[in-house]
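Enquirer: okay, sequence plus prediction incoming.
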Amino acid sequence: MAIIPHMPELPEVETTRRSFAGRIEGATVRQVRLGKPLRWPLGCPPQSLQAQTIGAASRRGKYLWLPLERGGLLLHLGMSGSLAFSESPAAPGAHDHFDLVTSHGTLRLTDPRRFGAVVWSPAIDADPAAKLLDGLGLEPFDAAFTGEHLHRALRGRRLAIKQALLAGDVVVGAGNIYACEALFEARIDPRMAAGRVSRARCERLAQAIRRILAQALDMGGSTLRDFRDAHGMAGSFQQHAAVYGREGGPCTLCATPVRRIVQAQRSTYFCPHCQKR
Ligand SMILES: [Zn+2]
C-alpha cells in the first residue's frame, strides 16, 4: 500500500501542541530568528517579543495560539510544516524559517514549502488572529457538535457531503483521510448532496468523525516521540484505514473492491456497496 503524502491535519496539530505546550509554558522569550518569508509576515518587530513570558498553548482548528504577555503568536503548519521543541537545537537548516528561542528551549518551525505561518496578534479575538479564525466550524470534540448541529448546518447545501466536510466551516478536523473514513463508518455515499443527509445519518456521521479523530489522536500520542514525525501520523493512521488509499482492495465489510474517485481535486475512497445515497 502506498502512503499518500498529505498536509498536517488536526490530529497532527493537536499532537504537536501536546508535545511542547507543557515544556514551553512559563518560559521567557530570549530571541526570535526568522528565516525565509512564510505565508504571512510576523507582523511585529521580532525583538519586541523578547523578555515576554509564554502562557498555555491552545489549538483552534489547525491553528495554534501561543499567548505572550502582550498579545500572542498564531501558528499554522501550512502544507508541509512541522514544529519541534528542543533544549539543544542544531543550527538552523535551509528549511527552518522560525525559531522562538526561550529560557526552556527552542520552538522551531521547519517548512520546506513555506505555506505555514507565525503571526503576531494583540489577542486571539482581535485581528489578524480573529480574521484568520473567522468562519471555522465547531471543534469535533465540542459538546455543541452533534448530529442535530450537523444536520442544521448542512440544510439546503447541494455540495457533496465529502466536500462539505473538507470545507471546515461546519466542523473542523475532517481532513481528506478522516472524512473518507468517517463517511465509510457512517455508510454514507461521499457524492451525496450534503443537504440530503438525514438527521439520523448526520448523528452517525458526527459520532464517526469524533471516533476517527480520537483514534488518530490516540495513535499520535502512543507512537510519536519526535514531533518532526507528526507527518507520519496520517501515514500510520492509513495503515489502519478501512477505505483510504485502498483502491481496488476488498471492503472490510463486504469485500466489494474499494473505489477511488476525484472530488474537487482530492481523492475520495469509498465502498460502492456499503455506502448509500
Ligand atoms: Zn462494502
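Expert: That came through fine.
Enquirer: okay, CA-based contacts and neighbour counts for the rest of this
Expert: Will do.
Enquirer: please enumerate the helices of the stretch 1-150 of the chain.
Expert: 10-24, 129-133, 147-154 (DSSP state H, counting those that start in this stretch).
Enquirer: which residue sits closest to Cys202 in space, ignoring its chain neighbours?
Expert: Excluding the flanking residues, the one nearest Cys202 by C-alpha to C-alpha, 6 or more residues apart in numbering is Gly147, at 4.7 Å.
Enquirer: quick one, what contacts the one you found?
Expert: Contact partners of Gly147, counting by C-alpha atoms under 8 Å, 6 or more residues apart in numbering, are Arg199, Ala200, Arg201, Cys202, Glu203, Arg204, Leu205, Ala206, Gln207.
Enquirer: and the gap between it and the ion?
Expert: Separation of Gly147 from the ion (C-alpha to the ion, to the nearest Å) stands at 23 Å.
Enquirer: how about the strands in the stretch 101-250 of the chain?
Expert: All strands of the stretch 101-250 of the chain, identified by DSSP state E, counting those that start in this stretch, fall at 106-110, 117-121.
Enquirer: residues near Val258, how many?
Expert: The number of residues packed near Val258 is 21, by other C-alpha atoms under 10 Å.
Enquirer: hmm, back to that, find the pair from the contacts of Gly147 with maximum spatial separation.
Expert: Taking C-alpha to C-alpha, the two most distant members of those are Arg199 and Gln207; they sit 12.5 Å apart.
Enquirer: of those two, who's got more company?
Expert: A side-by-side neighbour count of Arg199 and Gln207, using other C-alpha under 10 Å, places Gln207 first with 19 against 15.
Enquirer: would you confirm that Arg70 contacts Trp120?
Expert: No - with contact defined as C-alpha atoms under 8 Å, Arg70 does not count as touching Trp120 (9.7 Å).
Enquirer: quick revisit: make JSON lines out of the strands of the stretch 101-250 of the chain and add mean neighbour count, distance to the ion and mean pLDDT.
Expert: Below are the strands of the stretch 101-250 of the chain laid out as JSON lines (neighbours: other C-alpha atoms under 10 Å; distance: least, C-alpha to the ion, whole Å; pLDDT from 0 to 100):
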{"stretch": "strand 106-110", "mean neighbour count": "23", "distance to the ion": "40", "mean pLDDT": "96"}
{"stretch": "strand 117-121", "mean neighbour count": "24", "distance to the ion": "41", "mean pLDDT": "98"}
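Enquirer: adding distance to Phe270, write these out as TSV.
Expert: Shown next, in TSV, are these (distance: least, C-alpha to C-alpha, whole Å):
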stretch	distance to Phe270
strand 106-110	34
strand 117-121	34
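Enquirer: among those strands, which is nearest Pro257?
Expert: Proximity to Pro257, assessed across the strands of the stretch 101-250 of the chain by C-alpha to C-alpha, is greatest for strand 106-110 (38.9 Å).
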